[in-house]
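In: Here's my sequence, what's the structure:
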Amino acid sequence: MAKLRRQFNSTVFLLIIFFFNSVLRPALALVEGGEGLEEEFTEELLLKPLPDRKVLAHFHFQSSAPPSVANGRHHRLFPKAIAQLARKFQIRELELSFTQGRWNYERWGGFDPMSASNAKPPGVELWAAFDLPLNEIDHTWKNLTHALSGLFCASINFLESSTAYSAPSWGFHSNSSKLRYGALPREAVCTENLTPWLKLLPCRDKTGIALLLNRPSIYRSHYHSQRLRLISSEFTGIILEQALTVVLQPSMRSNSPASSGYGFLQPSWSINSLFGKEVVGQCVLAKTSRIFFELEKDLAFKVDKLQPLSSWNNSAFELSGIPNSNIRELNAVKNLGSSVLYVFEVSNSNDHIPLDVGIRWKIPLVWSCPRAPFHMNRYLMGSGNERGSIAISLRSTHLHEQFSKASDGCAVHAVIFQVVPWYVKVYYHTLHIFVDGKTQIISDVVRKMKISPSEDKLSPGSMELLLRFPCNIQSAALTLDFDKGFLHIDEYPPDANQGFDIPSALVTFPDFNCSRSYQLDDSIHYMSTLLSKFQEENPVQTYTEVLLVPLTTPDFSMPYNVITFTCTVLALYFGSMLNVLRRRAGEEERLERSKASEKPGLIPLLLSKLSSKLKIKGKAPESSPSLSASSSILGPKLLTKVMLVGLLAVIWNYYLKNG
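Out: You can find the predicted model right below:
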C-alpha cells in the first residue's frame, strides 16, 4: 500500500507540473505582457514612379514572435532558423543586405525614409549587436558568419577573419559598444541568395504579394537590394523585417513623345507589365496585405495645381485600379507639397478579380525627389602601384535654406565612417580638409575623431569623424594619403589583376531626420508596419562609391611555367633512371629470342613474303648469309630506337631554331 501511495503521489505531482507548464504559465505570461502575444505576419508593397522614367517597387514583410516565455521554442509563423540564431548567439540587433547596383541619390531621393533605410552599398553588408561580454563577441561573430553563410548560400563566412570586420564606436550606429561590422563589396547577388530569403516567409512565393517576385524581372533591374533586419528583446520578443527594393524600367512601346516643350510623357505601367504576374489574393497567414501607390511631394504639388488629388482619375493621370482610400502626409514643409498614398487592399482580390495596380499618364510632368543636404562622392587620386590618395567630396544641395536661415551660428554636422583594408596603409596624419577650395585648420572643422590604424594581416583600419560645416558652404573635400602594401602569393584572389575593393563609406547627417506623419483612420486600421517605419525618425545617411585599388600583382604565369618544365624534366629523369635500374640484359635477350621464335618481326615477315613470291615465279633467290644477317640486324627494337633518335633530333633542331 505504501508503494502504491508513493506512485500515486508522484503521478499527481507530474500532472500538476504538466498543467502548470502547458496552461498556467502561458496564461500568466499573457496577463503580464498584455495582449498581442500571438505571432503575426504582414505583407505590403509600395509602388512609386521616379523622375527618370523608372519605377520603384518596395516589398516589405514583417514577422513577429512573442517572448519565449509565452510560447516556448515552437513557432507557428516565425521562421525557426532565425529564432535559433537569435537565441544561440544572443543577438540584440542584426541587419544583412545583398545589393546589386548603386542607389542614385540625386534622381531617386536621398531625404526620405526609403533611401535612409533601404539604400545599401553594393555587395554584402552585415552588422550585428550582441548581448554578450566583450571577450566573447569576436568568437560569436565568427560563428554567426558561418551560420548565415550556410543559411543564405553566400560567402559571408569570409567576414570571419579579423582583417574583414571592424568594431565601430559611434560613427556607424549609436550605442554600438558591442557591435561588429563587415562588408564584401565584390559579392555577387543571384537567385541562390533570394530563394533562402523567400523560404523564411510563411507562404514563400506561392501566394500573396510575394507571388510577384519573378526572378527575371528582379535581376534585370537597375538596382535591387534584399535586406533582413532582426530585433530581439526579452520583453518584446523577436521581430524579423524582410525588405526587397527594386528599381525597374517599364516598357516604352506604349508611349509617344509629347509635342509640348514641357517634357516627355512618362511611361505607363502596371504590376503585370513590370513583373509578368498579377496579385490574385493575399497570403492566408497574413494579418494585413496592402499595396501602396505613392506620389512624391513635388509631383503631388504639381498635380494639385491642376486638379485635387482626392480623385484617382484626374487630368494628370489615371490609376488602373480603384483604391480603397488615400492618405496625405501631415508634416510637410510649406510650399513644398505633401506626398500622397493610395491604398489598395489585397484581400479584395481573387483568381477571378485580380489586382493589377498601375498608372496611365495623360500629360507630361517633370518633378524631382528630395535630396540629402550634401551630395557625396569618393574617388582615388594619384598614379602608379606605390602611393595614392582617397578623396571624399561634399557638394551642397542648399537643403539647409528650407529649414534655417543662413547666419554665422548656423552649422551642418556630418559623420563619416570609413573602413579600409590593411593592405591600403592610410596615413591619417595627412588629413586635409578644404571648404570652398580653401584649406582649413583641422581643429576648426573636426569636432570628434576616432582612428583605429590597421595592422598588417591582423585588422583593417577605420576612421570615424564628426565634422562641422557652416550652412552657407558650397563644397568641401577631405583627402588622405596611403601606401599600397604587398601581399603573399597565397593572399591574392583568382582575379587579382582586376584590383582590390575598398568598401563604401557611410556619411550621416545627424541634424536632419527623415520621417513622415500620416492622417490614419483607426477605424479601418490603416496603421501598417511599413507606415510605422516611415514615421520613425531616422537620420539622413548616404553611402559612397566602392573604390577599386590596383595593387602590385605578380605574373602568375611564370610560376606555372616553372612548375610545368620542372615536373617534365623530373619525370624524364626519374623515368629513365628507373628504367636503367630495373633493366636486366640477360632476361631481355632471352625474351627477345622467345618472341622472335614465336612471331617474326615486321621486316623479316616482309622479306619472307617477298622471297615466297619470288619462288613462286621461278626465280628463287640465292641464299646468302648477308641477307639473314641483315634481317637479324634490322629487328623491330633497333628500328624503334632509330625512329626515336630521329624524332628527338628533329625536335631539338626545331627548339634551337625557334629559341
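
In: So in terms of bridging, what pairs with the most centrally placed residue in the chain?
Out: In the chain, the centroid-proximal residue (Cα atoms, centre = their mean) is Phe98; its distance is 2.6 Å. Beta-bridge pairing of Phe98 under DSSP bridges involves Val124, Gln226.

In: Okay, it and Phe89: tell me how far apart.
Out: For Phe98, the distance to Phe89 equals 20 Å [Cβ to Cβ, to the nearest Å]. From N, CA and C alone the C-beta is placed, and that goes for glycine too.

In: same thing with Ser63?
Out: 19 Å.

In: Next: Gly171.
Out: For Gly171 relative to Phe89 (Cβ to Cβ), the value is 24 Å.

In: out of the two, which sits in the more crowded spot?
Out: Gly171 (25 against 19; other Cβ atoms under 10 Å).

In: which SS class is that one?
Out: Following DSSP: H, G, I helix; E, B strand; the rest coil, the label given to Gly171 is coil.

In: repeat for Leu578
Out: Following three-state DSSP, the label given to Leu578 is helix.

In: number of nearby residues for it?
Out: Using other Cβ under 10 Å: Leu578 sits among 10 other residues.

In: what's the pLDDT at it?
Out: For Leu578, the pLDDT comes out at 82.

In: same question, Leu399
Out: On the pLDDT scale, Leu399 gets 66.

In: so who does Leu355 touch?
Out: Contacts for Leu355 (Cβ atoms under 8 Å, 6 or more residues apart in numbering) come out as 271, 278-280, 291, 321, 344, 346, 348-349.

In: Those in strands, which ones?
Out: 291, 344 (DSSP state E).

In: Minimum pLDDT in the contacts of Leu355, which residue is that?
Out: Among the contacts of Leu355, Gly321 carries the lowest pLDDT, at 83.

In: The residue lying closest to that residue once chain neighbours are set aside and Ser97: what is the separation?
Out: Once flanking residues are discounted, Gly321 sits nearest to Val357: 5.1 Å by Cβ to Cβ, 6 or more residues apart in numbering. Separation of Val357 from Ser97 (Cβ to Cβ): 26 Å.

In: repeat for Phe264
Out: 34 Å.

In: the more surrounded of these two?
Out: Ser97 (22 against 16).

In: Return the residues in contact with the more buried one.
Out: 120, 124-126, 225-228.

In: Near Trp197, how many other residues are there?
Out: 21.

In: Assign it to helix, strand or coil.
Out: helix.

In: Is the closest residue to Ser166 other than its chain neighbours within a helix or a strand, and which one?
Out: Residue nearest to Ser166 in three dimensions, not counting chain neighbours: Ser462, with 4.6 Å by Cβ to Cβ, 6+ apart. Assigned by DSSP states H and E, Ser462 belongs to strand 461-470.

In: tell me the angle the following helix or strand past that strand makes with strand 461-470.
Out: Next in sequence after strand 461-470, counting helices and strands by DSSP H and E, comes strand 475-484. Here strand 475-484 runs at an angle of 160 degrees relative to strand 461-470 (axes from the mean of the first three to the mean of the last three Cα atoms, to 10 degrees).

In: which residues make contact with strand 475-484 from outside it?
Out: 374, 381, 385-396, 416, 420, 423-428, 430-437, 463, 465, 467, 469, 549, 551-552.

In: What strands flank it, and is each parallel or antiparallel?
Out: strand 387-396 (antiparallel), strand 424-435 (antiparallel).

In: so which of the contacts of Ser97 is the most crowded?
Out: Val124 (28 neighbours).

In: which residues touch it?
Out: Contacts of Val124 (Cβ under 8 Å, 6+ apart): 96-99, 154-156, 183-184, 187.

In: Which members of the residues you listed are classed as buried?
Out: For the contacts of Val124, a burial check counting by 16 or more other Cβ atoms under 10 Å picks out 96-99, 154, 156, 183-184, 187.

In: For the stretch 201-350 of the chain, which segments count as strands?
Out: 223-233, 237-248, 269-270, 288-295, 317-319, 325-328, 340-345 (DSSP state E, counting those that start in this stretch).

In: does the residue nearest to Ser166 have beta-bridge partners, and which?
Out: Here Ser462, judged by DSSP bridges, has bridge partners Val419, Ser452.

In: neighbours of Ile441, just the number please.
Out: 8.

In: how near is it to Lys457?
Out: Separation of Ile441 from Lys457 (Cβ to Cβ): 36 Å.

In: And Glu296, by the same measure?
Out: Taking Cβ to Cβ as the measure, Glu296 falls 48 Å from Lys457.

In: Also Arg583?
Out: Taking Cβ to Cβ, one finds Arg583 at 53 Å from Lys457.

In: quick one, which of those two is more surrounded?
Out: Using other Cβ under 10 Å as the criterion, Arg583 and Lys457 rank with Lys457 on top: 14 against 9.

In: thinking again about what came up before, can you pull the contacts of the residue nearest to the centre of the chain?
Out: By Cβ under 8 Å, 6+ apart, Phe98 lies in contact with 123-124, 152, 154, 187, 189, 193, 197, 225-227.

In: Next, count neighbours for His222.
Out: 17.

In: Leu648: neighbour count?
Out: Neighbour count for Leu648, taken as other Cβ under 10 Å: 10.

In: Where in this structure is the helix or strand with the lowest mean pLDDT?
Out: helix 25-33 (a mean of 41; mean pLDDT, DSSP states H and E).

In: Now flag whichever of the contacts of Val124 is closest to Lys302.
Out: Relative to Lys302, the closest of those is Thr99; by Cβ to Cβ it sits at 31.7 Å.

In: now that closest one: how far from Asp351?
Out: Distance of Thr99 to Asp351, given as Cβ to Cβ: 35 Å.

In: same question, Leu265
Out: From Leu265 to Asp351 the distance is 34 Å (Cβ to Cβ).

In: between the two, who's got more neighbours?
Out: Neighbour totals were compared for Leu265 and Asp351, and Leu265 leads with 19 against 8 (other Cβ under 10 Å).

In: can I assume Arg468 is in contact with Ile442?
Out: No - in this structure, Arg468 is not within contact of Ile442 by Cβ atoms under 8 Å, at 11.7 Å.

In: mind checking the SS state of the closest residue to Arg290 other than its chain neighbours?
Out: For Arg290, ignoring the flanking residues on the chain, the nearest one in space by Cβ to Cβ, 6+ apart is Glu44 at 5.2 Å. Assigned with three-state DSSP, Glu44 falls in the strand class.

In: Count the residues that sit near Glu44.
Out: 23.

In: for the residue nearest to Asn214 when sequence neighbours are not counted, what are its contacts?
Out: Closest residue in space to Asn214, ignoring its immediate chain neighbours: Phe275 at 4.9 Å, by Cβ to Cβ, 6+ apart. Contact analysis of Phe275 by Cβ under 8 Å, 6+ apart lists 212-214, 217.

In: Give me the buried subset of the residues you listed.
Out: The neighbour count (16+ other Cβ under 10 Å) marks 212-213, 217 as buried among these.
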